[in-house]
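Trainee: predicted model and sequence below, questions to follow.
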Amino acid sequence: MRQHFTLWIALGAGLLLILTGPIAVAQASDDPWVSQIGTYTYLTAPNYDGLLPIKAALGGQTLGLGTFDDLDGELIMVGGSIYRVGIDGLPRLVETSRTTPFFEAIKFHADKSGPVAPGTTCANLLAAVNELVNGADGMVAVRVRGTFTDLVTRSVPAQAKPFAPLSQVVAGQTLFTLGQRVAVLVGFRTGLDLAGTGAPGLHLHGLTADRTAGGHVISCVAGADVQLSVQRTAGVQILGVPTG
């Protein structure tokens, strides 16, 4: 049995500490755990060095997101398959031996699902998630699929040391204006009680149904057939991470 460490406020402490076992960022729940490599705080340090291979966080997980060493592409996990979208905008399957500074994954089984009102923007999906789970705390796995209009995604170029701040990297992002597409958007809603663990609020990456485009979701508008599905989680198991 692996030993767990409990982390409550260390993410904001500004210290670096390599742990040999997983940290358990817990809620009082019997729901499944998110398996995670790295933290959002680690990225914003900034630090984009890979921490572990993707496979270190896998054990039947089917849904997830993240990035690769040096922020070299957006990582999207759908149906257990892992894709990388670089600045050419093309999704490509990758080996799980690749290392990552940030990766979140879960074996997805929806607790609740419901239709998204046509015309709902991606910016308003956070409110829809909170309403569906009846709360704003903790971490919730999210899947949104159907037909979207005005779908825009992005990727960023690989970075070199000394690493620029994440906000500066994002300012140099490559945008992909995809228009109307059938797509699946996956990710996590991170509450304020887990600040620094995942990206704040709702963080989504997406792939088109034909797997010809994708990336980090910037904006979208829901069409008539979009369904939102959510899964509550017990918390986050963070593997081999310098916490800070």
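Mentor: Yes, it's here.

Trainee: helices along this structure, start to end?
Mentor: With DSSP state H as the criterion, the chain has helices at 40-43, 125-133, 166-171.

Trainee: OK, contacts around D225?
Mentor: Contacts for D225 (CB atoms under 8 Å, 6 or more residues apart in numbering) come out as G146, T147. (Each C-beta comes from the backbone N, C-alpha and C, glycine too.)

Trainee: count of neighbours near A160?
Mentor: Residues near A160, counting by other CB atoms under 10 Å, number 9.

Trainee: quick check, it in contact with D72.
Mentor: No: A160 is beyond contact range of D72, at 10.5 Å (criterion: CB atoms under 8 Å).

Trainee: hmm, back to that, ranking the helices of the chain by burial, who's on top?
Mentor: helix 40-43 (a mean of 21; mean count of other CB atoms under 10 Å).

Trainee: model confidence over that one, on average?
Mentor: The pLDDT scores in helix 40-43 average 96.

Trainee: other SSEs contacting that helix?
Mentor: Using 3 or more CB pairs under 8 Å, 6 or more residues apart in numbering; DSSP states H and E, no helix or strand is in contact with helix 40-43.

Trainee: from the chain's centre, how far out does it sit?
Mentor: Its chain's average C-alpha position is 12 Å from that of helix 40-43, according to CA atoms, centre = their mean, to the nearest Å.

Trainee: could you list the domains of the protein?
Mentor: 5-107+234-239, 112-232 (automatic domain parsing).

Trainee: gap between the two ends of the longest one?
Mentor: Domain 112-232 has an end-to-end distance of 9 Å (criterion: CA to CA, to the nearest Å).

Trainee: and what of stretch 151-159?
Mentor: 26 Å.

Trainee: give me the contacts around that stretch.
Mentor: So stretch 151-159 is contacted by 48, 70-74, 85-87, 89, 169-170, 172-181, 183, 205-206, 213-221 (CB under 8 Å, 6+ apart).

Trainee: on that earlier part again, so which of the helices of the chain comes closest to P101?
Mentor: Relative to P101, the nearest member of the helices of the chain by CB to CB is helix 40-43, separated by 6.3 Å.

Trainee: could you dump the closest one to PDB, C-alpha only?
Mentor: Taking Å, rounded to 0.1, in the frame of the first residue of the first chain, the C-alpha atoms of helix 40-43 are listed here in PDB:
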ATOM      1  CA  TYR A  40      -0.900  24.600 -11.300                       C
ATOM      2  CA  THR A  41       1.300  26.300  -8.800                       C
ATOM      3  CA  TYR A  42       4.300  24.500 -10.100                       C
ATOM      4  CA  LEU A  43       3.500  25.800 -13.700                       C
END
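
Trainee: report the central residue of this structure.
Mentor: Nearest to the mean C-alpha position of the chain, by CA atoms, centre = their mean, lies L65 at 3.8 Å.

Trainee: run through the bridge partners of it.
Mentor: I76, E104 (DSSP bridges).

Trainee: and for F68, the neighbour number?
Mentor: Neighbours of F68 under the rule other CB under 10 Å: 22.

Trainee: and of the helices of the chain, who's closest to P200?
Mentor: It is, among the helices of the chain and with distance given as CB to CB, helix 40-43, at 7.5 Å.

Trainee: what's the separation between the nearest residue to G191 once chain neighbours are set aside and A45?
Mentor: Distances taken as CB to CB, 6 or more residues apart in numbering place D137 nearest to G191, at 4.0 Å, with adjacent residues excluded. With distances taken as CB to CB, to the nearest Å, D137 is found 25 Å from A45.
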